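Q: 3D, please:
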Amino acid sequence: MSRKRRDVYRGKHTVRFPVTLVVSGLLILLAVAVGLFFYLQKFAIYSKDGVTLAIPGLTEVEDPAAAETPSGPRQPTPVHTVNAELVIAPPDYSSVDLHPGEELQAVRGRYISAKQLLSGATGTLRAASADNSALILEMSTVEGELSWASDNETAQGYGLSGQADLKALVSALKDKGYYLIAEVNCCRNTLLGKRNPLTSLKNAAGEPYTDALGGWLDPYALRTRSYLLELTEELDEAGFDEILFSGLSFPENSAVVSYAETRTGASTPRAAVSGLAVWLARNVPETITCSVMLERSALYGMTDPEKESPQDADLFARLFDRLYLRTSEYDHTYDAEKFRSITGCEPGLRFVPITATDVALDCCFSDAAAAPTED
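A: So this is what the prediction gives:
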């Protein structure tokens, strides 16, 4: 009886290369390469010819005898010792020149104090004339009070705002034909310094600094600078033709003075005042003439010959359109010559003496007589 042959199916086995093995190998190689890279860093030698590796046991040690050259033994590379000293000097403003003094008109007239403004003295002024064409109005006092009802937040917040209606005042004087100059006191400000110590210079005890002249603001403090600029912008918008910065100075006894904010660089009274002057001159509105009141020390030096005047007349002449000076009718000619010799500028329309002819009449400027008033 025949037996049937049983055929058994055997499936074909496809041989696949293990992918995981390849990936693992690559990761291992990558890890070894990264490890070698960082390990060999300590053997790297950087030179002007490139980067070389000096691996102990693999790098040949040069025979000292082979280092001999026809001209003799190889000389070691000299090592120069450098003594580095960081010196922070005051800023140099010798190259600053804003080219001021263009398109100026002559100013002759009367100085009106804040007290006179409050008493309504401007209401009795006659119309402007050739010899009485301009008025300097003291719009902020050395005590810190403003002569007008200011909208400034700082002035209102610290009780510095006055009472006069600024726009009405300016409008009335403009109608009479006057060229209006607003005097703004800068660094001498007793009230603001006491009420906001962050704006004031400090004494040895860390309190707001005061002397016989009153309180002093810090020329470097941003709050001081912002406040002065805001007042200038408000007066410009009201219609004044010119801003006269006065009190742009520093206490004479500067050795006992410190600043409101910690400073890392060196500073002097002149550097501090010059820094504020440059900042103001660069930031005041271009629509208004910008001037400054000089102290006599700016022209003739301090009474102590070892001290430097905080005002730099030469720099001021390169920043401000006009430079005013309180003087006498006998000395202003000599002052003008001194101004010329220091600044190299012709006095002309740029140097304006304020001459005191009578205390009761305050001061007259540009050597003009006091403006007559109506009876």
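Q: would residue 39 count as being in a helix?
A: Yes: counting by DSSP: H, G, I helix; E, B strand; the rest coil, residue 39 is located in a helix.
Q: that one: neighbour count?
A: By the measure other CB atoms under 10 Å, the count of residues near residue 39 is 9. Heads up, the C-betas are built off the backbone N, CA and C, glycines and all.
Q: what pLDDT does it get?
A: pLDDT for residue 39: 73.
Q: distance of it from residue 33?
A: 11 Å (CB to CB, to the nearest Å).
Q: got it, and residue 352?
A: Residue 352 is 80 Å from residue 33, by CB to CB.
Q: neighbour count: these two, which is higher?
A: Taking neighbours as other CB under 10 Å, residue 352 and residue 33 compare with residue 352 leading, 26 against 9.
Q: count the neighbours of the nearest residue to that one once chain neighbours are set aside for me.
A: Closest residue to residue 352 apart from its sequence neighbours, by CB to CB, 6 or more residues apart in numbering: residue 324 at 4.7 Å. For residue 324, the count of nearby residues is 24 (other CB under 10 Å).
Q: any idea whether residue 324 is helix, strand or coil?
A: Once three-state DSSP is applied, residue 324 turns out strand.
Q: show me what it bridges to in the sheet.
A: Beta-bridge pairing for residue 324 (DSSP bridges): residue 293, residue 352.
Q: wait, isn't it in contact with residue 354?
A: Yes: between residue 324 and residue 354 there is a contact under CB atoms under 8 Å: 5.8 Å.
Q: can you pull out the strands in this structure?
A: 44-47, 50-53, 109-112, 134-138, 179-185, 210-211, 214-215, 242-246, 289-294, 322-327, 351-355, 364-365 (DSSP state E).
Q: average pLDDT for the first one, rounded please.
A: For strand 44-47, the mean pLDDT works out to 65.
Q: Provide a list of residues in contact with residue 287.
A: With contact taken as CB atoms under 8 Å, 6 or more residues apart in numbering, residue 287 is in contact with residue 236.
Q: in contact with the nearest residue to residue 272 once chain neighbours are set aside: list those residues for me.
A: Nearest non-adjacent residue to residue 272, counting by CB to CB, 6+ apart: residue 219, 4.4 Å away. Residue 219 makes contact with 186-187, 225, 250, 272-273, 275-276 under the criterion CB under 8 Å, 6+ apart.
Q: in helices, which of those fall?
A: 225, 272-273, 275-276 (DSSP state H).
Q: out of those, which is nearest to residue 313?
A: residue 273 (11.6 Å; CB to CB).
Q: quick check, the closest one in contact with residue 248.
A: Yes: using CB under 8 Å, residue 273 is in contact with residue 248, at 6.1 Å.
Q: and for residue 270, the neighbour number?
A: Residue 270 sits with 20 neighbouring residues when counted by other CB under 10 Å.
Q: quick check, it in contact with residue 307.
A: No: here residue 270 lies out of contact with residue 307, judged by CB under 8 Å, at a distance of 10.0 Å.
Q: tell me how many other residues surround residue 120.
A: By other CB under 10 Å, 10 other residues sit near residue 120.
Q: helices of the stretch 251-375 of the chain, start to end?
A: 269-283, 297-300, 313-317, 332-343 (DSSP state H, counting those that start in this stretch).
Q: can you redo those helices as CSV with mean pLDDT and distance to residue 170?
A: Below are these laid out as CSV (pLDDT from 0 to 100; distance: least, CB to CB, whole Å):
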stretch, mean pLDDT, distance to residue 170
helix 269-283, 96, 21
helix 297-300, 95, 30
helix 313-317, 97, 27
helix 332-343, 93, 29
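Q: wait, which of these is closest to residue 124?
A: Between the helices of the stretch 251-375 of the chain, helix 332-343 lies closest to residue 124; by CB to CB that is 27.7 Å.
Q: can you give me the buried ones in that closest one?
A: Going by neighbour count (16 or more other CB atoms under 10 Å), the buried part of helix 332-343 is 332, 335-336, 338-339, 342-343.
Q: how distant is that helix from the center of its chain?
A: In this view, helix 332-343 has its centroid 28 Å away from the chain centroid, taken as CA atoms, centre = their mean, to the nearest Å.
Q: what packs against it?
A: Under the contact criterion of 3 or more CB pairs under 8 Å, 6 or more residues apart in numbering; DSSP states H and E, helix 332-343 touches helix 297-300, helix 313-317, strand 322-327, strand 351-355.
Q: got the angle for it vs strand 289-294?
A: Interaxial angle, helix 332-343 versus strand 289-294 (axes from the mean of the first three to the mean of the last three CA atoms, to 10 degrees): 110 degrees.
Q: other residues contacting helix 332-343?
A: 299-300, 313-314, 317, 323, 325, 327, 345-347, 351, 353, 355, 367.
Q: can I have the buried ones of these as a ChimeraX selection?
A: Selecting only the buried entries of the contacts of helix 332-343 in ChimeraX, with 16+ other CB under 10 Å as the criterion:
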select :299,313,317,323,325,327,345,347,351,353,355
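Q: from the contacts of helix 332-343, which single one is nearest residue 116?
A: Using CB to CB, those come closest to residue 116 at residue 355, 17.7 Å.
Q: surely the closest one touches residue 329?
A: Yes: between residue 355 and residue 329 there is a contact at 4.5 Å, judged by CB under 8 Å.
Q: which ones are touching the nearest residue to residue 308 once chain neighbours are set aside?
A: Of all residues not flanking residue 308 in the chain, residue 270 sits nearest, at 5.5 Å (CB to CB, 6+ apart). Counting by CB under 8 Å, 6+ apart, residue 270 touches 90, 250, 308-312.
Q: lowest-confidence one in those residues?
A: residue 90 (72).
Q: give the contact list for it.
A: Taking CB under 8 Å, 6+ apart, one finds 265-268, 270-271 in contact with residue 90.
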